[in-house]
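Novice: Sharing a sequence plus its predicted fold:
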Amino acid sequence: MKEATFAAALLNPDSPPPPGLQRPDGLPAPKRFAVYRNNVVVGLVEALQIGFPAIRKLVGPEFFKAMAGEFVRQHPPQSRIMMFYGAAFPAFLSSFAPVAAYPYLPDVARLEQALRESYHAADATPIAPEILSTIPEATLLAARFNLAPALRLIRSAWPVHAIWHANMDGGPPPAAGPQDVLILRPDFDPRPHLLPRGGGVFIANLLAGTTLAEAVEASPDLDLPAVLALMLDGRALIGMQP
Amino acid sequence: MRDLTQPTLPDGPGVGYKPQHFTDIISDETPVRWLEIHAENYMGDGGRPLAQLRHLAERFPISVHGVGLSIGGSTALDEDHLARLKTLCDWLHPASFSEHLAWSTHDGAYFNDLLPLPYTDRTVGHVADHVDRVQDVLGRRMLLENPSSYLRFAESEMSEVDFLTEVARRTGCGLLLDVNNVFISGTNLGFTPQAFIDAFPMDLVGEIHLGGHDEDSDETGALLLIDSHGKPVTDPVWALYAATIAKAGPKPTLIEWDNDVPDWPVLAAELTRAAAILDPVR
């Protein structure tokens, strides 16, 4: 009996159990093989339930279970690090016909995946705000900043922060419109923050390695004090190249 | 700070670490003597999991238990995964490293489950090569755990005890004896659990696992036990454990509870029950 035969039958519910698997009396063991098949699918679906609680809430637990079962059969993990399993789930949601009427789901899933990445990202020591306040403005504007490894930016045409907040934190019902979300992890718990106007373009520029001045220039309607206050509070600035 | 120069698990009760028990474990008058972690849960770059682990490792001997190496597979080990394990073991200096006699990957896909293999001369060779490779890379002796089985392979040529003993003979590895798995496999495959224990090479056992199982049945109505790690250890498994300790002497003994994880007092009661069996022979 080849591993390949066993492996293929695990993910295909319609395929017969592989030959050569027996009960103690030597007879074929379909129900016993089904234990492995069930363990694999249930275990992977549970990993997605843990990773995507807002999606589960949005579509309902029964629908989620069925949809996640489809996903795990099409996209079994390619890594043994299960805490990141589901990176392909947002793209799957974009093309899964039964949820075509809910086009915001992929971005909500991206937000949830980014929260998990942030949780496990490397630790970093932020620049102390009192040090930053001693640096002349011209020097700050000409500098490039290193952002915390746990920082994540999600830009969406949908009110993705409001949708997440309403489902996970009891926030008010979302209103239509695009939202940019900044995930910050000041200590160990990542939090998604709704970025004030212009914040998405600004952070995207900093992440791409522009100077502070270039990032400000790229975002004419930016509320810079609000975004900087958010970043300092979230310990997002960890280094600076003058 | 514990003594890093003595890298062995104590012959007392340990528990599979769950983050929700962190406060109980570090603050309570607890019966727990050591902790086991699943290696793959600590392969992130930082954050709370690694911070907690650094903290716990200053107070308790740690056993690193891998679930993703696929040692029982027919193809070469994943060297990237092995390197991640080495990184973990190099900074953590665990008291033990163990993995399973099982496979979990094929053709790039990871099944997140412990899958069975036939016991043949050919598979003994694969498994021994893989154990050699793990021990070479990690620079330490590993323990190999007996699986829970639901079916047998027509092509198997030897018993599980003979298979494990032969792998240990070829590689110098130790064995992790999961007494609950012995009970499950014995029930499901029709051998006597006590006979398995009688035949097992106890001098090679570096650790014992205990956990709960579920009851199901196959298509003929025959009892089929499922390794669920979601319930207390059953009385027959406690009896088999007591017989094991009577034969083997005291061994580091882990309570595994991975699903429907209870509040700490429930786990503490299981640890106390294990200690009551271990203490008289220590």
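Specialist: Yep, that arrived. Quick caveat: nothing in here was measured; it's all calculated off a predicted structure. Numbers count the residues shown, from 1 in each chain, chains lettered A, B, ... in the order given.
Novice: Find the helix or strand that the spatially most central residue of chain A is a member of.
Specialist: Ranked by distance to the mean C-alpha position of chain A (C-alpha atoms, centre = their mean), the top residue is A:Gln113 at 1.4 Å. Per DSSP states H and E, A:Gln113 falls inside helix A:105-120.
Novice: quick one: average pLDDT of that helix?
Specialist: Averaged over helix A:105-120, pLDDT sits at 98.
Novice: So which elements touch it?
Specialist: The contact analysis (3 or more C-beta pairs under 8 Å, 6 or more residues apart in numbering or on different chains; DSSP states H and E) places helix A:105-120 against helix A:30-51, helix A:53-59, helix A:89-95, strand A:152-156, helix A:160-168, strand A:179-184. Any C-beta I mention is one placed from the backbone N, CA and C, and that applies to glycine too.
Novice: Pull up the pairing partners for the last one, direction included.
Specialist: Spelled out, that is strand A:179-184. The pairing partners recorded for strand A:179-184 under DSSP bridges are strand A:152-156 (antiparallel), strand A:191-194 (antiparallel).
Novice: same question for that strand, mean pLDDT?
Specialist: Taken as a whole, strand A:179-184 has a mean pLDDT of 98.
Novice: And for the longest one?
Specialist: Along helix A:30-51, the predicted local confidence has a mean pLDDT of 96.
Novice: Same check on the fourth one?
Specialist: Strand A:152-156 comes out with an average pLDDT of 98.
Novice: gap between it and the chain center?
Specialist: The chain centre lies 10 Å from the centre of strand A:152-156; the measure is C-alpha atoms, centre = their mean, to the nearest Å.
Novice: cool, and the fifth one?
Specialist: The offset between the C-alpha centroid of helix A:160-168 and the centroid of the whole chain comes to 14 Å, using C-alpha atoms, centre = their mean.
Novice: okay, that helix in PDB with CA atoms only?
Specialist: The C-alpha trace of helix A:160-168 is given here as PDB (Å, rounded to 0.1, in the frame of the first residue of the first chain):
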ATOM      1  CA  VAL A 160     -13.800  46.100   6.900                       C
ATOM      2  CA  HIS A 161     -12.900  47.600  10.400                       C
ATOM      3  CA  ALA A 162     -16.600  48.300  11.200                       C
ATOM      4  CA  ILE A 163     -17.600  44.800  10.000                       C
ATOM      5  CA  TRP A 164     -14.900  43.100  12.200                       C
ATOM      6  CA  HIS A 165     -15.800  45.400  15.100                       C
ATOM      7  CA  ALA A 166     -19.500  44.700  14.900                       C
ATOM      8  CA  ASN A 167     -19.000  41.000  14.800                       C
ATOM      9  CA  MET A 168     -16.100  40.500  17.300                       C
END
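Novice: Outside of it itself, list whatever touches it.
Specialist: A:53-54, A:57-58, A:104, A:107-108, A:110-112, A:154, A:171-175, A:179, A:181, A:192-194 (C-beta atoms under 8 Å, 6 or more residues apart in numbering or on different chains).
Novice: Mark which of those are buried, thanks.
Specialist: A:53-54, A:57-58, A:104, A:107-108, A:110-112, A:154, A:174, A:179, A:181, A:192-194 (16 or more other C-beta atoms under 10 Å in any protein chain shown).
Novice: what about A:Gly234, neighbour count?
Specialist: 21 (other C-beta atoms under 10 Å in any protein chain shown).
Novice: Mind pulling up the pLDDT for residue 10?
Specialist: All of this refers to chain A. Note on A:Leu10: pLDDT of 94.
Novice: Actually, chain B is the one I wanted.
Specialist: 96.
Novice: quick one on the thing from earlier: quick one, the helix holding A:Gln113 and strand A:179-184 angle?
Specialist: Angle, helix A:105-120 to strand A:179-184, by axes from the mean of the first three to the mean of the last three C-alpha atoms, to 10 degrees: 10 degrees.
Novice: May I have helix A:105-120 exported as CSV, CA atoms only?
Specialist: Extracted in CSV, the C-alpha atoms of helix A:105-120 (Å, rounded to 0.1, in the frame of the first residue of the first chain):
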residue,chain,number,x,y,z
LEU,A,105,-15.6,38.6,3.1
PRO,A,106,-12.1,38.3,1.5
ASP,A,107,-11.0,41.5,3.1
VAL,A,108,-12.4,40.5,6.5
ALA,A,109,-10.5,37.2,6.1
ARG,A,110,-7.3,39.2,5.2
LEU,A,111,-7.8,41.2,8.4
GLU,A,112,-8.1,38.1,10.5
GLN,A,113,-5.1,36.4,8.9
ALA,A,114,-3.1,39.6,9.5
LEU,A,115,-4.1,39.6,13.2
ARG,A,116,-2.7,36.1,13.5
GLU,A,117,0.5,37.0,11.8
SER,A,118,0.9,40.0,14.0
TYR,A,119,0.3,37.9,17.2
HIS,A,120,3.3,35.7,16.2
